[in-house]
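1. fold the following for me, if possible:
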Amino acid sequence: MNEADSSSNERFGQSLPARIGWGALIVVTLAVCYFSNLGAIGFVGPDEPRYAWIARDMAESGDWVTPRLYGKPWFEKPVLYYWMAAASFKVFGVSETAARLPSALCALFATLALAWLAWRVYGGETARWLLLLLPTSVGMIGFSHAAATDMPFSGMLTIAMVCAAVALGIVRDENTPVLPRTPWIALILFGFFLGLAVLAKGPAAIILSGGAVFFWALSTKRWRDALRLLHPIAIVSFCATALPWYILCARRNPDFFRVFIVEHNFKRYLTPEFQHIQPFWYYVVVLSIELLPWSLIASAALIGWLFARTKLNSDSTAVFLICWALFCAVFFSISKSKLPGYVLPALPAVVFLVAKVITSAKRISQRVGIAGATTGGAIFALVSLLPILTSSPNNSLVLLPYIGILMAAFGLANLLIALRLMKSWSPIVRACLTFLAIAPILGLFAGVDLVVQNYWFLANSYRGVAANLVGRGIPADRLRTFGLDRSTQYALNFYLHAEIKDWKQDRVEDGYVLANRKYCVQLDTKLNCEDLWGRVDFGDGAWALLRVTPVSSAPGPAGSGQPH
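-> Here you go, the predicted model:
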């Protein structure tokens, strides 16, 4: 820890009201950003309803080894998320909130672990900034509210990297007691959490942690410290955590390793088979979005820091964080298959660096202030144009006013944080600027439920359609779908607790067909179709519920066999 940071932290720590204020703001921030409105919106995309189905099946069947989707083994991802969600379902019941709770908890634990590391290395002020900036970033909020494997993987890997930092001796300095030559607890915990990361998403955890530590050792020449992570106790801890499930699952399912390792790891990384093709620079944009609202201030701070002729060799923690973030981003940039969640493990390291830079900023604060003020002004100017666009009746535009307010708050937050970094302000003024920067963002995120109530289709169309079908007493075994995308199909399956077959694959002559209205004309014209809904708009198109009967058994005038 440098002298400036230490003295600043000591002065800050003398004020009890300031510490109480920071503590209250941090607790509210963590609660709002990670746990508010977990169930406000129905399952989104194809992954959430699939993973939630598998977890529910695990809880109901009692088979905690083989993940199953619609009764068939499903080896796209390992088992950690399914275990956590199934346990959540057993405790809290089946709901979107229970399905997303594991991700929120993993985000919380990862944030607290990283803040502990920041406190040990750079002091209390850096830790406090980390506890404000990381939870309020769009990436952490979004993925902590997702019933998916991304946040459990990122959270477990983050905690493993914190334990690795302890084992590497990064937290040791002249002001702390000398750690034992072999930090047993850190090594055991490193192996344990790395094993959990492998259970969350697979062997990528080993590559990411190993690559980051390798380049850290290459930069700092501390190879002996790096090799400490290969201590037998760490290996035993890792194997005891990760291997039992893999071995059991492989014994029960002979094709497990072929499907999981070959198809969903090697093929996903090395080939474009899964159709998630993006340009090499894709993750630069993704990380910038995940860093919002702090992307601008982070860019200005980090660029200013790098141009300030900082000697990275003298700060092994900064080197560790840079290697962590860069290796993760580069590794997945090389992949032939790219999704936004892949680079999530790099986000905590980037925010840690930003928190470190802004607490030790000198001339950098002036650059940040100019960048923040310019950006805030530009965003406010753009927001003033949004009401013109909202005149469109298209549902995709009705949220523009809320998005405009959100972006305005983002711009204002950057500006106020930049002003807060100016050293000329009194402690009271700086505390007020901090609160004014964070509070509007927390208010907007906490108010998501009100937005959902005003724009009710967000609540969302799949959940609403399923509730309508159940309310009408439509039997799932006589229901088919036609012209629906994967997200809709998987969501309906989950909410109806049944696998609804597609009309093309399994036709029913006496039953019901749920279709997007624009595809209705493609249905078999040898059937009588009575539209039970008329035109029902659930926010993403007009739906039709058709009562299908054979022509021979249906009364009516000639020509009534034409679908509606």
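2. what kind of secondary structure is residue 512 in?
-> strand (DSSP: H, G, I helix; E, B strand; the rest coil).
3. shouldn't residue 41 be in contact with residue 96?
-> Yes: using C-beta atoms under 8 Å, residue 41 is in contact with residue 96, at 7.5 Å. All C-beta atoms are positioned from the backbone trio N, CA, C, and that covers glycine.
4. more neighbours, these two?
-> Remark: of residue 41 and residue 96, residue 96 carries more neighbours, 22 against 19, as counted by other C-beta atoms under 10 Å.
5. any residues touching stretch 483-501, and which ones?
-> 42-46, 48-50, 52-53, 56, 70, 461-463, 465-467, 469-470, 476-477, 479-481, 502, 514-516, 518-519, 522 (C-beta atoms under 8 Å, 6 or more residues apart in numbering).
6. name only those of those that count as buried.
-> Buried subset of these (neighbour count, 16 or more other C-beta atoms under 10 Å): 42-44, 48-50, 52-53, 56, 461-463, 465-466, 469, 476, 479-481, 514-516.
7. ok so, going back, now, the contacts of stretch 483-501 that are in strands?
-> Under the assignment DSSP state E, the contacts of stretch 483-501 contribute 479, 480, 481, 502, 514, 515, 516 to strands.
8. what strands line up against the lengthiest strand in the chain, and which way round?
-> Counting by DSSP E, the longest strand found in the chain is strand 542-550. Sheet pairing of strand 542-550 (DSSP bridges) gives strand 511-516 (antiparallel), strand 527-531 (antiparallel), strand 536-537 (antiparallel).
9. list the buried residues in that strand.
-> For strand 542-550, a neighbour-count test (16+ other C-beta under 10 Å) marks 543, 544, 545, 546, 547, 548, 549 as buried.
10. excluding its backbone neighbours, what's nearest residue 228?
-> Among residues not flanking residue 228 along the chain, residue 167 sits closest, at 5.7 Å (C-beta to C-beta, 6 or more residues apart in numbering).
11. meant to ask about residue 189, not that
-> Closest residue in space to residue 189, ignoring its immediate chain neighbours: residue 163 at 4.4 Å, by C-beta to C-beta, 6+ apart.
12. what's near enough to touch that neighbour?
-> Here residue 163 is in contact with 186, 187, 189, 190, 193 (C-beta under 8 Å, 6+ apart).
13. and it, that one's in a strand?
-> No: assessed with three-state DSSP, residue 163 is helix; it does not lie in a strand.
14. ok so, going back, wait, the residue nearest to residue 228 sits on residue 185?
-> No: in this structure, residue 167 is not within contact of residue 185 by C-beta under 8 Å, at 9.3 Å.
15. if you count surrounding residues, which of the two has more?
-> Set side by side, residue 167 and residue 185 show more neighbours around residue 167, with 27 against 12, by other C-beta under 10 Å.
16. quick one: residue 200 and residue 341, what's the gap?
-> Distance of residue 200 to residue 341, given as C-beta to C-beta, to the nearest Å: 12 Å.
17. ok, those two, which is more surrounded?
-> For the pair residue 200 and residue 341, the greater number of neighbours falls to residue 200 (27 against 21), based on other C-beta under 10 Å.
18. quick check: which element contains the more buried one?
-> According to DSSP states H and E, residue 200 maps onto helix 184-201.
19. what is that helix packed up against?
-> Where contact means 3 or more C-beta pairs under 8 Å, 6 or more residues apart in numbering; DSSP states H and E, helix 184-201 is packed against helix 80-92, helix 150-167, helix 204-220, helix 232-252.
20. highest mean neighbour count out of those?
-> helix 150-167 (a mean of 27; mean count of other C-beta atoms under 10 Å).
21. dump it to CSV, restricted to CA.
-> This file holds the C-alpha atoms of helix 150-167, laid out as CSV (Å, rounded to 0.1, in the frame of the first residue of the first chain):
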residue,chain,number,x,y,z
ASP,A,150,-22.6,-17.3,-16.0
MET,A,151,-22.8,-15.7,-12.5
PRO,A,152,-22.1,-18.9,-10.5
PHE,A,153,-19.1,-19.5,-12.7
SER,A,154,-17.8,-15.9,-12.5
GLY,A,155,-18.5,-15.7,-8.7
MET,A,156,-16.7,-19.0,-7.9
LEU,A,157,-13.8,-18.1,-10.1
THR,A,158,-13.5,-14.6,-8.6
ILE,A,159,-13.4,-16.1,-5.0
ALA,A,160,-10.8,-18.6,-6.3
MET,A,161,-8.7,-15.8,-7.6
VAL,A,162,-8.9,-14.0,-4.3
CYS,A,163,-7.7,-17.1,-2.6
ALA,A,164,-4.9,-17.4,-5.2
ALA,A,165,-3.8,-13.8,-4.4
VAL,A,166,-3.4,-14.7,-0.8
ALA,A,167,-1.5,-17.9,-1.6
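22. now do that helix and helix 204-220, the angle between them.
-> 40 degrees (axes from the mean of the first three to the mean of the last three C-alpha atoms, to 10 degrees).
23. next, the angle helix 184-201 makes with helix 150-167.
-> 160 degrees.
24. avg pLDDT for helix 150-167?
-> For helix 150-167, mean pLDDT rounds to 95.
25. packing partners for the strand or helix carrying residue 355?
-> Per DSSP H and E, residue 355 falls inside helix 346-359. Helices and strands touching helix 346-359, by 3+ C-beta pairs under 8 Å, 6+ apart, are helix 96-122, helix 124-133, helix 150-167, helix 282-291, helix 295-307, helix 316-334, helix 364-383.
26. that one vs helix 204-220, what angle?
-> Going by the same axes, to 10 degrees, helix 346-359 makes 40 degrees with helix 204-220.
27. winner for burial among the helices and strands packed on helix 346-359?
-> Neighbour counts (mean count of other C-beta under 10 Å) averaged over each of those peak at helix 150-167, with a mean of 27.
28. so for the chain, the centremost residue is which one?
-> The centroid of the chain falls nearest to residue 143 when counting by C-alpha atoms, centre = their mean (1.6 Å).
29. so how far is stretch 250-267 off the chain centroid?
-> In this view, stretch 250-267 has its centroid 25 Å away from the chain centroid, taken as C-alpha atoms, centre = their mean, to the nearest Å.
30. same check, this time on stretch 73-89
-> Per C-alpha atoms, centre = their mean, the centroid offset for stretch 73-89 relative to its chain is 16 Å.
31. just the terminal-to-terminal distance for stretch 471-484.
-> The first residue of stretch 471-484 is 21 Å away from its last residue (C-alpha to C-alpha, to the nearest Å).
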